[in-house]
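> fold the following, please.
(one chain, ligands or ions: 1)
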Amino acid sequence: MKKVHNFSAGPGILPELVIKQAAAAVLNFDNLNMSILEISHRSKNYVTVMDNARQVVKDLLLLDDNYEVFFLGGGASLQFAMVPYNLLGTKAAYINTGVWSTKAIKEAKIIGNVEVIASSEDKNFSYIPKNYTIPTDADYLHITSNNTIFGTQFKEFPKSPIPLVCDMSSDIFSRPIDGKQFALIYAGAQKNMGPAGCTMVAVRKDVLGKTERKMLSMLDYAVHIKAESMYNTPPVYPVYVSMLTMQYVQANGGLELMEKLNNAKAQLLYNEIDRNGLFTGTVAKEDRSVMNVNFIMNNSTNEDAFNKIWKDAGVSGLPGHRDVGGYRASIYNAMPIDSVQVLVDVMKLAEQKLG
Ligand code: PMP
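Numbers count the residues shown, from 1 in each chain. The predicted structure is shown next:
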């Protein structure tokens, strides 16, 4: 089979070994002569999977025993609602850096009082706001670490006097971070963590139980913590494949190596965008995402010809988000630098033919 260079924004590329292990477990999980798809989530073998998946998150994010980790369905989008539902008493502060932050803000406003303390909407979300004051009377500050659609990324996180909450869906495990600077981290699995179908939540226990709200069980973090992420049937297979992916990262150089490789890939691609007269990067240089690289063609009449060139080279998933246009190369952890080189070569070829 001809190798596809998969630049999809998510669900995105996963390590080849993980795909093989995941496929094998569909046929025979843990030598039980049963498929992972037909095994009880209460079986000893699967409880071990869930325990391991929760533990590897803690290991990678350097979380201590003050934190609980669990996996839910409903996508990162459900967390837009569950975060304020569980944490918002008086007021919440949000920084708006794009479509996903905007959606998080919309849900929080349904639950309670929201103050948007900074936004980059004035310049089509092409930068990360730098100057803002964090209100000390808010219950938490919510940020989106990586703006998947527009391609910006927090390089440093706010030093927050109030609990910091982060949607890390599109850059989790891409670099070493001390997770303890956050009160809550959530991430949909389908980029660096695993396949679509589960969302990881890591929460510091002291921020829970502070609102007067009467809680629906399925939306109550405390319920999921008490049940050790098994209050109801969890997304069995997505959690399993996420566990494999995280263990793969842990066993292959950890987040330090991921950061080194991710920086090398991003630099290779951004250098070509900046060098090649056919293309322009669309966001502020200092805020450029290491995961989602956005660019446009300076002359849009060249797009059809460029599209043919990259498709012929086996490149896939390059068109920008439907709301933004242009191009977006998502270069998640599992993307080999060789595939990024293929894209760079394609851009050089386009320059020769069209420049
Ligand atoms: N937050 C971010 C940063 C995202 O990139 C996405 C989409 N992948 C979401 C939230 C929404 O995730 P989901 O589709 O899992 O609800």
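> would you pull up the residue in this protein closest to the ligand?
residue 75 (2.6 Å; Cβ to the nearest ligand atom). Glycine gets a C-beta too; all of them are placed from N, C-alpha and C.
> does that residue really touch residue 188, like I thought?
Yes - between residue 75 and residue 188 there is a contact under Cβ atoms under 8 Å: 5.3 Å.
> which ones are touching residue 319?
Listed by Cβ atoms under 8 Å, 6 or more residues apart in numbering, the contact partners of residue 319 are 327, 328.
> got it, and residue 8?
316, 317, 330.
> buried among those residues? Need that as a selection in PyMOL.
Remark: buried members of the contacts of residue 8, expressed as a PyMOL selection using 16 or more other Cβ atoms under 10 Å:
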select buried, resi 317+330
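> next, show the common contact partners of residue 75 and residue 188.
Common neighbours of residue 75 and residue 188 (Cβ under 8 Å, 6+ apart) are 196, 199.
> who's more crowded, these two?
Under the neighbour definition other Cβ atoms under 10 Å, residue 75 and residue 188 were set side by side, and residue 188 has more, 27 against 16.
> at which residues are the strands of the stretch 151-300 of the chain located?
In the stretch 151-300 of the chain, the segments counted as strands under DSSP state E, counting those that start in this stretch are 152-153, 164-167, 184-188, 199-204, 279-281, 292-297.
> so can I have a markdown table of those strands showing distance to residue 21 and mean pLDDT?
Shown next, in a markdown table, are those (distance: least, Cβ to Cβ, whole Å; pLDDT from 0 to 100):
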| stretch | distance to residue 21 | mean pLDDT |
| --- | --- | --- |
| strand 152-153 | 30 | 98 |
| strand 164-167 | 28 | 99 |
| strand 184-188 | 21 | 99 |
| strand 199-204 | 19 | 98 |
| strand 279-281 | 37 | 97 |
| strand 292-297 | 27 | 97 |
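> redo those strands as TSV? Include distance to residue 353.
Converted to TSV, the strands of the stretch 151-300 of the chain look like this (distance: least, Cβ to Cβ, whole Å):
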stretch	distance to residue 353
strand 152-153	31
strand 164-167	40
strand 184-188	38
strand 199-204	43
strand 279-281	14
strand 292-297	13
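> what mean pLDDT does stretch 123-134 have?
Mean pLDDT, stretch 123-134: 96.
> what residues of it count as buried?
125, 126, 127, 128, 129, 134.
> from these, which two are the most distant?
Of all pairs drawn from those, the greatest distance, 22.8 Å, lies between 126 and 134 (Cβ to Cβ).
> ok, back up a step: in strands only, show me the contacts of residue 8.
316, 330 (DSSP state E).
> closest to residue 281 out of the contacts of residue 8?
Out of the contacts of residue 8, the member with the shortest distance to residue 281 (by Cβ to Cβ) is residue 330, at 14.8 Å.
> residues near the residue nearest to the closest one when sequence neighbours are not counted, how many?
Using Cβ to Cβ, 6 or more residues apart in numbering and skipping residues adjacent in sequence, the residue nearest residue 330 is residue 9, 4.4 Å away. Residues within reach of residue 9, counting by other Cβ under 10 Å, total 22.
> could you do residue 248 as well?
If we define neighbours as other Cβ under 10 Å, then residue 248 has 18 of them.
> what's the answer for residue 108, then?
25.
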